[in-house]
Every structure is written in C-alpha cells, then in structure tokens.
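Visitor: sequence unavailable; structure follows:
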C-alpha cells in the first residue's frame, strides 16, 4: 500500500495548474486565428471529418504554449528541471509540436511522421530518461532493452492520443482524466517533478476545452494530440516507471487504457486487413459509437466514463484505499463542472471570437 507524502509542495502544484490553465484559456482564440492564417483547416468534405463545416485545426498551439510558458516560469522555482534530462524532454516536445503543425497544414505522409517521432523519442532517451525495471527479477535482461522499450512507449503514447482525437472534446477530456489519475499516482509513488508535469498538462487541457466541446470552434489537430501523448508518456516515465517494478507499468497502462486500447485495436484491424496501420480511417471506437446512433456529446460522455472507470481501477490497485479514489473523483467532478459552467457562460458569443 502507498501513502501520501506530505512533503510535496502543494502551492507549487496549484500554481502550475492555474498558470497553464489561464494561458491556454487566453490563447485558444489566438490559436484559432493563427490556424486560419496558416491554412490549418479541417475540411468538412473529408471522409473521416466529424464537422459539417471547415474548422481551424491547430488549436493545440494554445495547449503547447500553456504548458511550455508555465514550465519556463517554474525554472525559477524547481532546480530539478534545470538538467540535461529536462532539456531533452523540451527539445523532444518542440520536435513533436513542429511536426504536428506541419502535418495540420500539409497532411504529411504517415511514415515521415513516425520517423520524426522516433527522433524525438531518441532525444529523450539519450538525455537520460528511460524506463528501468529495477525490481524485476530479470533486471539485467530488461536493462539491455530499456532503450527500445522506452522509445516504443513514447512513440506509442504519442500516437494513441492522436488516434482518439476524432470527436469534439474527446482527446483533451480523456487526457485530462488520465493525467488527473496519473498525478495522484505520481504523488503516491513518484517524483514531485512528475506531479508538476501532470498538474501543468491538466491545466493546459482544461483551458482549451471550453472552445473545443461540441460544437467546437477550434480543434487541437495533430499539434495538440501528439503533444499530449508525448507529455503523458514522458511524465509517466519520470513519475512512475523510473525505479519501479513492472507492476507500476500495468497501473499506468490502466490509467491510460482507453487511448492504448483504441490504438491497439485499430492497428491490429488494419494489419489483418492488409492496410497500412498508419493510414487513417473510420474504424476508431468513437466512430463505432457514432455509427450506432449516439450523438457526438453522448459519445464523448461514454468515453469519459470509460476513462474514469479505468483510472479508478488503477488507483484502487495502486493504493488499496477507497478514500484516495473518492478524492480523485471529486477533483474530476469539480474541474469538469467549472469548465461546463464556463462553456455555458461563453455561450452564444463563442463563435464570434
């Protein structure tokens, strides 16, 4: 059983969340304008498009800046992030985001995106961040393959979040749910640095959500979706994977089960059908739910519930204490209620901004 360590700097965590939330909230309309100017538009005539009219698709810039500006501020408060390891993490993030912007504008080939994502993962690995199975009986065996396992995890999660980014509010909401549970797990088992990452990412996602709920006025595109997956992957390595047994790996995979399952299922189906696993189609779980007759909003709620259940199971496995699960669920309820209320207040003038 794990216990909360009260030596954490709770004020710093709150500051990280509030700062990234505010920046993302303020910059989302600006990201919408930038998307239009650079031609990053999701066309409604695409087979997979869920929108009835063209919509700006580079809103992920606001999420990225919310996260990065907050990290820049935290440099003055956290000496732990003034390291080569953190520098590699930042460089990898810039690679992923620049790639995402180019893809949102030009629809890059899948194999090119995959290759560049591997480069970003290599930067992270060779600056000191990697999965280490210290408590596993076959320690020496796993140490020899820690690099490819880490690259697989980073690239896999980068694409997993991107795979579920097909319905308004889905990727940002599911990521927020996963990262809230990840933050709790990192408080219990990991480093304060990973908690800061998680709190900052949660704030960035929630700041973007009011203008991304259906009907969305801007979507995050590959810029935001791949960035979210990348941050989730690296944060989980720093916070839970690093220095813990294989059991911790399974816990984190449960907390992020929905995007992982969707990616695995779609990839397997495409391979068995003789298709390129990187070529997009309408075979994702959210597409299936909509084809069954559920509305966009109902589909998002269903997948939010699935993500919450999976994260709750992970918390129960990790802490064996129902009180921690209740705290996590209350936190999620409060945060999403605030966003819902803000969205309602945004109301009729949202399309004009």
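Guide: Received, thanks. Computed from a prediction, not measured in an experiment: that's the story for all the values here.

Visitor: quick one: buried residues of the helix or strand that contains residue 305?
Guide: Here residue 305 sits within helix 296-319, counting by DSSP states H and E. If you call a residue buried by 16 or more other Cβ atoms under 10 Å, then helix 296-319 has these buried ones: 296, 299-300, 303-304, 306-308, 310-315, 318-319. Quick note: C-beta positions are derived from backbone N, CA and C, even for glycine.

Visitor: quick one: the nearest residue to residue 82 once chain neighbours are set aside from residue 16, how far?
Guide: Once flanking residues are discounted, residue 82 sits nearest to residue 75: 6.3 Å by Cβ to Cβ, 6 or more residues apart in numbering. To residue 16, residue 75 is 12 Å away according to Cβ to Cβ, to the nearest Å.

Visitor: more crowded one of the two?
Guide: residue 16 (27 against 11; other Cβ atoms under 10 Å).

Visitor: where do the helices of the stretch 51-200 of the chain begin and end?
Guide: Counting by DSSP state H, counting those that start in this stretch, the stretch 51-200 of the chain has these helices, from start to end: 60-74, 84-106, 110-125, 139-144, 146-163, 170-189, 192-208.

Visitor: so for the shortest one, what's the average pLDDT?
Guide: Put plainly, it is helix 139-144. Mean pLDDT, helix 139-144: 58.

Visitor: excluding chain neighbours, what is closest to residue 41?
Guide: residue 54 (4.9 Å).

Visitor: what's around that neighbour, how many residues?
Guide: Counted with other Cβ under 10 Å, residue 54 comes out at 14.

Visitor: got phi/psi on it?
Guide: phi -60, psi 140 (degrees, to the nearest 10).

Visitor: next secondary structure after the longest helix along the chain?
Guide: If you go by DSSP state H, the chain has its longest helix at helix 10-38. Next in sequence after helix 10-38, counting helices and strands by DSSP H and E, comes strand 41-42.

Visitor: any idea how far that next one is from the chain center?
Guide: 21 Å (Cα atoms, centre = their mean, to the nearest Å).

Visitor: mind showing which ranges of the protein have poor pLDDT?
Guide: 1-8, 44-52, 133-143, 189-191, 239-252, 276-284, 287, 321, 339-340, 342-353 (pLDDT under 70).

Visitor: just want the most central residue of it.
Guide: residue 228 (3.2 Å; Cα atoms, centre = their mean).

Visitor: just to be sure, that residue is in a helix?
Guide: Yes - counting by DSSP: H, G, I helix; E, B strand; the rest coil, residue 228 is part of a helix.

Visitor: buried sites along stretch 148-159?
Guide: 149, 150, 151, 153, 154, 155, 156, 157, 158, 159.

Visitor: quick one: the first one and residue 131 touch, right?
Guide: What that stands for is residue 149. Yes - using Cβ atoms under 8 Å, residue 149 is in contact with residue 131, at 5.4 Å.

Visitor: count of neighbours near residue 323?
Guide: Neighbour number of residue 323 under other Cβ under 10 Å is 8.

Visitor: in three-state terms, how would it be classified?
Guide: helix.

Visitor: if we can go back for a sec, what's the spacing between the residue nearest to residue 41 and residue 164?
Guide: Counting by Cβ to Cβ, the gap from residue 54 to residue 164 is 22 Å.

Visitor: make CSV out of the helices of the stretch 51-200 of the chain and add distance to residue 256.
Guide: Below are these laid out as CSV (distance: least, Cβ to Cβ, whole Å):
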stretch, distance to residue 256
helix 60-74, 17
helix 84-106, 17
helix 110-125, 17
helix 139-144, 21
helix 146-163, 7
helix 170-189, 5
helix 192-208, 12
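
Visitor: out of those helices, which gets nearest to residue 253?
Guide: Among these, helix 146-163 comes nearest to residue 253, with 9.6 Å by Cβ to Cβ.

Visitor: could you give the angle of that closest one to helix 110-125?
Guide: When axes from the mean of the first three to the mean of the last three Cα atoms, to 10 degrees is applied, the directions of helix 146-163 and helix 110-125 differ by 130 degrees.

Visitor: now the angle between helix 170-189 and helix 146-163, please.
Guide: Using the same axes, to 10 degrees: helix 146-163 against helix 170-189 is 140 degrees.

Visitor: so what touches helix 146-163?
Guide: 92, 96, 114, 117-118, 120-122, 124-125, 129-133, 142, 171, 174-175, 222, 225-226, 228-230, 232-234, 236-237, 241, 256, 259-260, 262-263, 266, 284 (Cβ atoms under 8 Å, 6 or more residues apart in numbering).

Visitor: and that helix, how far out from the chain middle?
Guide: 12 Å.

Visitor: repeat that for stretch 326-336.
Guide: 18 Å.

Visitor: same check on stretch 195-202?
Guide: That offset, for stretch 195-202, works out to 11 Å (Cα atoms, centre = their mean).

Visitor: distance check, residue 211 against residue 220.
Guide: 10 Å.

Visitor: more neighbours: which of the two?
Guide: More crowded of residue 211 and residue 220, by other Cβ under 10 Å: residue 220, with 34 against 25.
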